Structure formats: structure tokens, C-alpha cells
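[1] Give me the fold of what follows.
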Amino acid sequence: MISSSSLMERAPLLAWVVLILILGVCFGSPNPNHRLVCWKAIFKCHAEPECHYAYDQYLYACASVLSGERRKCPSHCISSLIQLNLTRSGPALEDCDCAADPRCRSTKQAIEPCVPRTSTMGCTEARLQCGLDPACSSAMKDYLFHCRKLFGGQMCTESCRRTIADMHSIPKAQQLDTCVCDGAERNICEYIKVSMRTLCFGEGSGFADSEEDAEDVYFDPGDYPNVENACASGPTPPAVMP
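    Residues are numbered from 1 along each chain as shown. I've put the predicted structure just below:
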């Protein structure tokens with residue numbers, strides 16, 4: 001794992017040129033003639049607390065991809081790119097002109113697998129479609145009952161694992177497997193996804209996808225405040241699968 005100090009030492013050489021080109025090229029821009037120079041865009045982002053925080057999260061979450069240590073993109077890296085793009089100064093980062101910097105070009109190739117696919121269904125829509133399907137709706141009720149301890153990050157019971165396995169055989173429930181957390185319940189959704197990968201699909205559970213996928217888990221409880229209370233008394237927790 002790359003330490004925070006080591007990562008920040010490399011930031012001046014790599015970070016802004018890397019991120020800006022990738023977002024600018026891969027997300028696209030409807031107005032290429034009005035793009036900011038990248039160094040101006042990055043300073044604009046640093047001046048906005050939300051953007052600055054999202055930018056730092058991007059550096060940490062995508063460090064292994066940016067350094068070339070791995071080619072497969074961790075899910076938390078994809079999420080960090082999405083969150084950065086949703087900040088007020090995010091569009092400027094998308095549009096900025098990195099000119100002919102060769103470092104930007106090489107890093108674009110490295111980070112390309114992490115660029116969010118716009119065709120992916122959001123979890124809000126996936127859950128609505130599941131609710132309209134009798135088989136999926138019934139499975140979701142079982143999931144909410146048997147996996148309730150998962151929502152608080154406590155444990156994943158055997159009955160919860162069996163319920164999740166059953167949902168994989170239902171077409172509408174399979175959409176919950178690939179959906180992207182969105183909407184008002186995004187933080188809760190992301191928390192549950194991480195809890196599920198950690199508690200239900202970890203080594204020895206019999207459900208892990210692969211050793212490499214297990215390394216993709218990145219979880220900072222501070223990013224998801226009061227999730228347990230929200231799951232217990234707020235809106236119905238999103239039914240999601242890793």
C-alpha cells in the first residue's frame with residue numbers, strides 16, 4: 001500500500017496532469033474551444049473544499065493504477081472519479097487543456113479502465129425495476145430481512161449469503177450486481193457495497209470473486225457517517241450486490 005506521504009511527494013509531478021487529461025479526454029467536452037489551461041483548473045479545484053477533498057481521494061484511491069502497479073481498476077477508484085466530477089469545479093477539470101504533455105498521454109492509457117461507463121444503470125433505477133418484478137421483489141424482502149446486520153457493518157450471516165446467492169439467479173436482481181450507487185442514498189449504498197464485499201465475499205467465505213478483487217476494497221468509515229442509523233430508521237437500504 002502506498003503511504004500518504006509517498007503519494008503526496010509524487011503529486012506535484014503526476015497528479016494534476018494525470019487527472020486533468022484523463023477526465024478531459026475520456027469524459028468529453030461539448031465546448032472544446034472554451035477550455036481552461038489545466039494548471040488553472042487544478043488551482044480552481046483546490047480553492048473549492050469539496051473539489052479539493054475529492055481530488056485527494058482520487059489520488060489515494062487510484063494510486064495503484066496511476067503508478068502502473070495494476071491494470072484492473074479498483075471500484076473505489078471509479079467512485080472517486082465520479083465524485084470528483086460531481087463537484088462544482090469538476091467540469092473545469094473535465095474540460096481543461098493539457099496541451100502536448102506526454103505524461104498526460106501515457107497516464108490516460110493507464111487510467112482508462114477506471115473511467116465510469118455512462119451506460120451503467122444507477123442503483124436507484126435498478127432497485128425500482130426489481131420492485132416491479134415479483135421474483136426480484138420477493139428476493140429483495142428476504143435480503144432486507146436476512147442481511148440487516150450487514151447494514152450496520154456487523155456481520156454477514158450464512159442466511160444472508162444464501163439470499164445473495166439466490167438473487168444472482170434472478171435476472172432483475174442481477175442488475176443490482178452492476179449498478180452504480182446514485183441519488184440521495186448514494187452514501188448508504190456505497191457503504192453496503194463495501195460491507196458486503198468485506199464481510200460476505202472475503203477470503204474463506206466461499207463467495208470471493210478472486211484474490212485480486214479482494215484487494216480492491218477501500219473503506220474509510222469516516223466517509224459514511226451515521227449509516228447504521230440511516231439504515232435502521234431512514235429510507236429502505238438499497239439492495240446491492242458487489
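[2] Can you tell me the closest non-neighbouring residue to residue 189?
    The shortest distance from residue 189 to any residue that is not its chain neighbour, by CB to CB, 6 or more residues apart in numbering, is 3.6 Å, and that residue is residue 181. (Glycine included, C-beta is placed from N, CA and C.)
[3] residues near that neighbour, how many?
    20 (other CB atoms under 10 Å).
[4] Look up how far residue 157 lies from it.
    Remark: distance between residue 181 and residue 157 (CB to CB, to the nearest Å) = 23 Å.
[5] domain assignment for the protein?
    With automatic domain parsing serving as the domain definition, the record reports that the chain contains domains spanning 4-114, 123-233.
[6] Output the below-cut-off pLDDT ranges for the chain.
    Counting by pLDDT under 70, the low-confidence segments of the chain come to 1-34, 91, 94-96, 101, 104-109, 112, 115-120, 202-242.
[7] and with 90 instead?
    Judged against pLDDT under 90, the low-scoring parts of the chain cover residues 1-45, 54-55, 57-126, 148-156, 164-242.
[8] which strands and helices sit next to the helix or strand containing residue 197?
    When elements are assigned from DSSP states H and E, residue 197 belongs to helix 186-199. Judged by 3 or more CB pairs under 8 Å, 6 or more residues apart in numbering; DSSP states H and E, helix 186-199 is in contact with helix 148-151, helix 227-233.
[9] so residue 122 touches residue 176, yeah?
    No - using CB atoms under 8 Å, residue 122 makes no contact with residue 176, being 11.0 Å away.
[10] So if I had to pick from these two, which one is more boxed in?
    For residue 122 versus residue 176, the count of surrounding residues by other CB under 10 Å is larger for residue 176: 27 against 16.
[11] Name the helix or strand for the more buried one, please.
    With the criterion set as DSSP H and E, the secondary-structure element containing residue 176 is helix 171-178.
[12] and that helix with helix 186-199, angle?
    Angle of helix 171-178 versus helix 186-199, following axes from the mean of the first three to the mean of the last three CA atoms, to 10 degrees, is 90 degrees.
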